[in-house]
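J.: take a look and give me a structure for this.
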Amino acid sequence: MNAANAAIHPTAIVEPGARLGSGVAIGAYSIIGEHVEIGDGCRIGPHVVIQGHTQLGRDNQVFQFCSIGAAPQDKKYAGEATRLEIGDRNTIREFCTFNCGTVQDAGLTRMGSDNWIMAYVHVAHDCVIGNHTIFANNAQLAGHVSVGDWAILGGFSGAHQFVRIGAHSLAGINSILLQDLPPYVTVSGNPAQPHGINSEGLKRRGYSSAAIMAIKRAYKVLYKSGLKLDEAQAAIAATSGETPELKLLAEFLATSGRGIIR
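T.: Got it, this is the predicted structure:
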């Protein structure tokens, strides 16, 4: 164990082979497995279990009673050495559960940096989460879900396996996502239905009025024009060269596998 300047509570268990960066703090009764790597400045609360082939970057905070890096909840899993990777400066609140990947996918569950993950969130095997996301209490991701940068999931929302959630999108409380959620779009309900774009979020992130207006026009093409999906997709792609922000939307629509919420 490499634990330079680490503060480990006497009741915590850090197994031989675990690697701890400088300034790491491990709380009471927490367990750190032998294949775990924790970066500089991370703070691990009491009663946390981090196991499996799990890597945390620097300056993450994991609150009490979390289970990080456990085996996937997948009957096909047969003990393979799959991984969980978490970036930097993430806040992971109480009772969250993050699972490692499976060999049926890339063998990796991955979370980026600067994410705000509230209590009781579940991130299943093979999910890929970007940066600056917010998951409110009890948001649940099934396996193989991807979440783009700056996306927001409301409390008690859930995503079906293989669903893609686009960047800057917003799912309201109790939203059930059975198909892909395009970038910028706001949805709510069970099943989730579209309700405009996340204009307030875009303003906070510095999007210009012209860019937001272009995204609103694209939303109308996609949801209000009466065009078939492939026709709306072609119309948006045709204008994406004029507005760089629309390129993200056009590429997402072109690669959707489950179809989009519409």
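J.: check contacts around the spatially most central residue of the chain.
T.: The chain has Ile129 as the residue nearest its centroid, 3.1 Å off, counting by C-alpha atoms, centre = their mean. Contact analysis of Ile129 by C-beta atoms under 8 Å, 6 or more residues apart in numbering lists Arg110, Met111, Gly112, Asn115, Val123, Ser146, Val147. Placement of C-beta: from N, CA and C, glycine included.
J.: how close does Asp180 get to Thr239?
T.: 21 Å (C-beta to C-beta, to the nearest Å).
J.: pick out whichever of those two has more residues nearby.
T.: Neighbours were tallied for Asp180 and for Thr239 using other C-beta atoms under 10 Å; the higher tally belongs to Asp180 (25 against 14).
J.: could I get the contacting residues of that one?
T.: Contacts of Asp180 (C-beta under 8 Å, 6+ apart): Val163, Arg164, Ile165, Gly166, Phe252, Ser256, Gly257, Arg258, Gly259, Ile260, Ile261.
J.: show me where the protein has helices.
T.: 199-204, 209-223, 229-239, 244-254 (DSSP state H).
J.: can I get those helices in JSON lines with distance to Arg93?
T.: Output for the helices of the chain, formatted as JSON lines (distance: least, C-beta to C-beta, whole Å):
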{"stretch": "helix 199-204", "distance to Arg93": "21"}
{"stretch": "helix 209-223", "distance to Arg93": "31"}
{"stretch": "helix 229-239", "distance to Arg93": "37"}
{"stretch": "helix 244-254", "distance to Arg93": "29"}
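J.: for Val103, find the nearest of these.
T.: Set against Val103 and scored by C-beta to C-beta, the helices of the chain come closest in helix 244-254, at 27.3 Å.
J.: okay, the angle between that closest one and helix 229-239?
T.: Helix 244-254 and helix 229-239 are oriented at 150 degrees to each other (axes from the mean of the first three to the mean of the last three C-alpha atoms, to 10 degrees).
J.: give me the contacts around helix 244-254.
T.: Under C-beta under 8 Å, 6+ apart, the answer for helix 244-254 is 164, 166-167, 180, 182-184, 207, 211, 214-215, 218, 222, 229, 232-233, 236-237, 239-241, 260.
J.: mark which of those are buried, thanks.
T.: With burial judged by 16 or more other C-beta atoms under 10 Å, the buried subset of those is 164, 166-167, 180, 182-184, 207, 214-215, 218, 222, 232-233, 236-237, 240, 260.
J.: about what we covered before: mean pLDDT and distance to Ser157 for the helices of the chain - can I get that in a markdown table?
T.: Below are the helices of the chain laid out as a markdown table (pLDDT from 0 to 100; distance: least, C-beta to C-beta, whole Å):
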| stretch | mean pLDDT | distance to Ser157 |
| --- | --- | --- |
| helix 199-204 | 97 | 16 |
| helix 209-223 | 97 | 20 |
| helix 229-239 | 95 | 24 |
| helix 244-254 | 95 | 19 |
